[in-house]
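Participant: Build me a model:
(one chain, ligands or ions: 1)
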Amino acid sequence: MSESVNDPMVYLYSKIFTCPVCSKEFVDFLIRKSKLRQLDMDSDFRTRYRDIDPNLYEVLVCGNCGYAALHSFFDRITSKQQDWIRKRFRQTIDTEILKCRLVRQMH
Ligand SMILES: [Zn+2]
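Facilitator: Presented below is the predicted three-dimensional model:
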């Protein structure tokens, strides 16, 4: 059995995504599923893993327009939904929110 790792990047890799709403590219993190080690399972079937909670990385967030969705649904957005988001979130969001996910998940 290997020891716990305090560096979250052991479990993550970065990837460039293109936002379907604003067409800007951004970098977000994905889980290296092969590195996950299951610890336990809750009564609601939520799996607990050593060192990291992969659920925190299931949501992709565009730092330019604020569009966010589960990774598996990120590109599945209708043009009507895109227009709705464009009209309401024209301001650039603080990209520090993406960095906060890395820090929070380790505590
Ligand atoms: Zn965007």
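Participant: Flag every residue of the chain that's near the ion.
Facilitator: When proximity is defined by C-beta under 5 Å from the ion, the chain lies next to the ion at C19, V21, C22, C62, N64, C65, Y67. All C-beta atoms are positioned from the backbone trio N, CA, C, and that covers glycine.
Participant: Now stretch 34-42: buried residues?
Facilitator: Applying a neighbour-count criterion of 16 or more other C-beta atoms under 10 Å, one finds K35 buried in stretch 34-42.
Participant: shaky segments in the chain?
Facilitator: Within the chain, the ranges that satisfy pLDDT under 70 run 1-4, 90-107.
Participant: coming back round to it: counting only helices, which of the residues of the chain next to the ion make the cut?
Facilitator: Counting by DSSP state H, no part of these is found in helices.
Participant: and C19, how many neighbours?
Facilitator: Burial of C19 is recorded as 22 neighbouring residues (other C-beta atoms under 10 Å).
Participant: With adjacent residues omitted, what lies nearest to it?
Facilitator: The shortest distance from C19 to any residue that is not its chain neighbour, by C-beta to C-beta, 6 or more residues apart in numbering, is 4.0 Å, and that residue is C62.
Participant: follow-up on the earlier one: which of the residues of the chain next to the ion tops the neighbour count?
Facilitator: C62 (27 neighbours).
Participant: What's the separation between that one and Y11?
Facilitator: Relative to Y11, C62 is positioned 23 Å away (C-beta to C-beta, to the nearest Å).
Participant: again with E25
Facilitator: If you go by C-beta to C-beta, the gap between E25 and Y11 works out to 23 Å.
Participant: Among the two, which residue is more densely surrounded?
Facilitator: The residue with the greater number of neighbours, taking E25 and Y11 and applying other C-beta under 10 Å, is Y11; the counts read 24 against 11.
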